[in-house]
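> predicted model and sequence follow; I will ask about them next.
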Amino acid sequence: MGLIEARLAELELTLPAPMSRFGSFEPVKLYGGLAYVAGHGPFDGPTPLMQGVVGQDVTVEQAHDAARLTALAILASLKETLGELDRVSQWLRVVGYVQTAPNFQQNASVVNGFSDLIVDLWGDAGRHARSAPGQGPSPFNVPVIVDAIVAVEA
Amino acid sequence: MGLIEARLAELELTLPAPMSRFGSFEPVKLYGGLAYVAGHGPFDGPTPLMQGVVGQDVTVEQAHDAARLTALAILASLKETLGELDRVSQWLRVVGYVQTAPNFQQNASVVNGFSDLIVDLWGDAGRHARSAPGQGPSPFNVPVIVDAIVAVEA
Amino acid sequence: MGLIEARLAELELTLPAPMSRFGSFEPVKLYGGLAYVAGHGPFDGPTPLMQGVVGQDVTVEQAHDAARLTALAILASLKETLGELDRVSQWLRVVGYVQTAPNFQQNASVVNGFSDLIVDLWGDAGRHARSAPGQGPSPFNVPVIVDAIVAVEA
C-alpha cells in the first residue's frame, strides 16, 4: 500500500467506485507529465451522494462535506488511471464550481472541504492554486463540481 | 487536404468564419507545445448561430447542436492559427459552460455535442477530461461556451 | 525596478496588498515553468474593493474597473511569489467569471478591463486565450473573479 492510501486508511476514508461515463470524455487525461482531471462531483460510481443548491437545500457544512466526497471521487479516478496515488507529485490547479443560491458568498468555505483533505494527504505538495466560482444549475444537481491539473511521476 | 479536414468533408461539415475579436485576447495562444483555446460559442465570425437559455429558450437537443457548432468554431480558430488541423495531436482538457435554466441538470448531454464530434474526428486522441458547469448569463446570450487545452505538433 | 513595474509607475498604478488566504490554497503555484494563478477578485488584502452583481448593482463600466483592479491583485500575488514581475514571460490562459444579472450579455466588455491592462503592460506577450463565463453568486459578492496560467522565466 502506498503512502497516500495508508494515510486514507488512517483517516478511515475509503474511495468510492470510479466515475461513470456520461459522454465521450475521460475522467483523467495524461499528457506531458500532467494529469488533467475532469469535473467530478460527490458521486459513488453513477450515484450522487448529495444533491441541492448550497444556501438553499444544503448548508455550508453539508456542501463542505460534498466537496470532501468530491475529492475522494477524484482520488478514485486517479487511482484507476495511475494505479498508485503516490505517483501524483504535486497538485497544481483546482476549480471548484459551487451551485449557489442567490446572495450566497461562502464559496471558499465550501471548496475548503476539497482542499483541506488534499493538503492533509499530500502536505505542501497538495497546496494548489484555486478558483471557487458560483455556478448556475449543475449537472445532476450536485452542490459542487471540481476539476484539477496535477503533476505525475512516471 | 489533411486527415481531419477530409473527415469533416465526409461528414459534410464546413468551418465557420474564424472568431471575431471582442477584446485584447487571442482565439488561440501557443506555448510549450500546447494550444490554449479561448472560450468559443456557436458563432460564424461575429454572428451568434443560436441564442437562449437551455431548458427555457432552447431544448437539450438544440443546445447539443450549439455545442457541436461551437466545436466547428474552435476548429476554425485552430486552423487559422496552426494552418493544418492535423497538427492537433491530443485533446487534453475541455470546459463547457452551459447557460442553464433553474433546475436544469442535463449539462453533460449538452456538451456531448462538442465531445462526440471531437472524438469522431480524432478517435482516441480526441478523448479529453471535461467539466460542464452551469453558468449564469453568458456572453452574447449563447447557450454554451467551450474552452480547451490541446497538444500540438511542430 | 523592472520594466513592468516601471510601466505601472508611468500609469500611476500601485499594487494592493497580496491576497489573504481563505483556505488551504496558494495564490500562485509554480511548476514546470508555468505559474498557475488562483482566482482573484478586486481585493486589497482581505478587503473587497467593489461588490455587487453586474447589470444590477454595478454598471459595465464599474465592473470593467473591478476587472482592472483584479489584474492589479494578481500582479501583487505574482510579485510576492516571483520577486520580479519581469519574470512573467507570456500570458497564456485567463478565465474571467463575471457575476451577472439575468439577461446580462456584456461579459466580454467587463473582462476587457483585465486583458487591456495586461496587454498594455506586456505588449504582445500579454495577449492570452480567454473565457468570460457568467457565474452565479461569487465569493464575497465581488463582480468578477479571474484566474490565469502564465509562463515564467527562471
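Arrived safely, thanks for sending. Numbering: from 1, shown residues only, chains lettered A, B, ... in the order given.
> which stretches in chain A count as helices?
A:3-10, A:60-82, A:107-122 (DSSP state H).
> packing partners of the longest one?
What it means is helix A:60-82. strand A:28-31, strand A:34-40, strand A:88-99, helix A:107-122, strand A:144-152 (3 or more Cβ pairs under 8 Å, 6 or more residues apart in numbering or on different chains; DSSP states H and E). For glycine as for every other residue, the C-beta is placed from the backbone atoms N, C-alpha and C.
> and these as a markdown table, adding mean pLDDT and distance to chain C?
Output for the helices and strands packed on helix A:60-82, formatted as a markdown table (pLDDT from 0 to 100; distance: least, Cβ to the nearest Cβ, whole Å):
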| stretch | mean pLDDT | distance to chain C |
| --- | --- | --- |
| strand A:28-31 | 98 | 12 |
| strand A:34-40 | 98 | 8 |
| strand A:88-99 | 97 | 4 |
| helix A:107-122 | 97 | 4 |
| strand A:144-152 | 98 | 6 |
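> nearest residue to whichever residue of chain A sits closest to chain B other than its sequence neighbours?
Using Cβ to the nearest Cβ, the closest approach of chain A to chain B is made by A:Gly39 at 3.0 Å. In space, and not counting its chain neighbours, A:Gly39 is closest to B:Ser131: 3.0 Å by Cβ to Cβ, 6 or more residues apart in numbering or on different chains.
> for chain A, which residue gets nearest to chain C?
For chain A, Cβ to the nearest Cβ, closest residue to chain C: A:Ser131, 3.0 Å.
> okay, that residue and B:Ala63: tell me how far apart.
25 Å (Cβ to Cβ, to the nearest Å).
> A:Leu92 too?
31 Å.
> same thing with A:Glu80?
For A:Glu80 relative to B:Ala63 (Cβ to Cβ), the value is 30 Å.
> more crowded one of those two?
Shown here are A:Glu80 and B:Ala63; by other Cβ atoms under 10 Å in any protein chain shown, B:Ala63 has more neighbours (30 against 14).
> how close does that one get to B:Ala76?
20 Å.
> got it, and A:Leu34?
For A:Leu34, the distance to B:Ala76 - Cβ to Cβ - is 27 Å.
> could you identify which of the helices of chain A is most buried?
helix A:107-122 (a mean of 24; mean count of other Cβ atoms under 10 Å in any protein chain shown).
> so what touches that one?
Under the criterion Cβ atoms under 8 Å, 6 or more residues apart in numbering or on different chains, residues A:4, A:7-8, A:11, A:54, A:60, A:63-68, A:70-72, A:88, A:91, A:94, A:96, A:98, A:100, A:126-128, A:130, A:132-134, A:143-144, A:146, C:22-25, C:137-140 lie in contact with helix A:107-122.
> A:Asn141: what's it in contact with?
Counting by Cβ under 8 Å, 6+ apart, A:Asn141 has contacts A:48, A:51-53, A:99, B:103, B:105.
> buried ones among those residues?
Among the contacts of A:Asn141, the ones that count as buried by 16 or more other Cβ atoms under 10 Å in any protein chain shown are A:48, A:51-53, A:99, B:105.
> in strands only, show me these.
Among the buried ones among the contacts of A:Asn141, DSSP state E puts A:48, A:99 in strands.
> residue contacts, A:Ala148?
A:37, A:74, A:91-95, A:128.
> quick check: the residue lying farthest from the centre of chain A vs B:Leu34, distance?
Within chain A, the residue lying farthest from the chain centre (Cα atoms, centre = their mean) is A:Asn103, at 24.4 Å. Going from A:Asn103 to B:Leu34 by Cβ to Cβ gives 38 Å.
> pretty sure the residue nearest to A:Gly39 contacts A:Ile149?
No - B:Ser131 lies out of contact with A:Ile149 (Cβ atoms under 8 Å); the separation is 11.7 Å.
> centre-most residue in chain A?
A:Ala71 (3.1 Å).
> okay, that one: pLDDT?
Looking at A:Ala71, its pLDDT reads 98.
> for it, which residues are in contact?
So A:Ala71 contacts A:113-114, A:117-118, A:146 (Cβ under 8 Å, 6+ apart).
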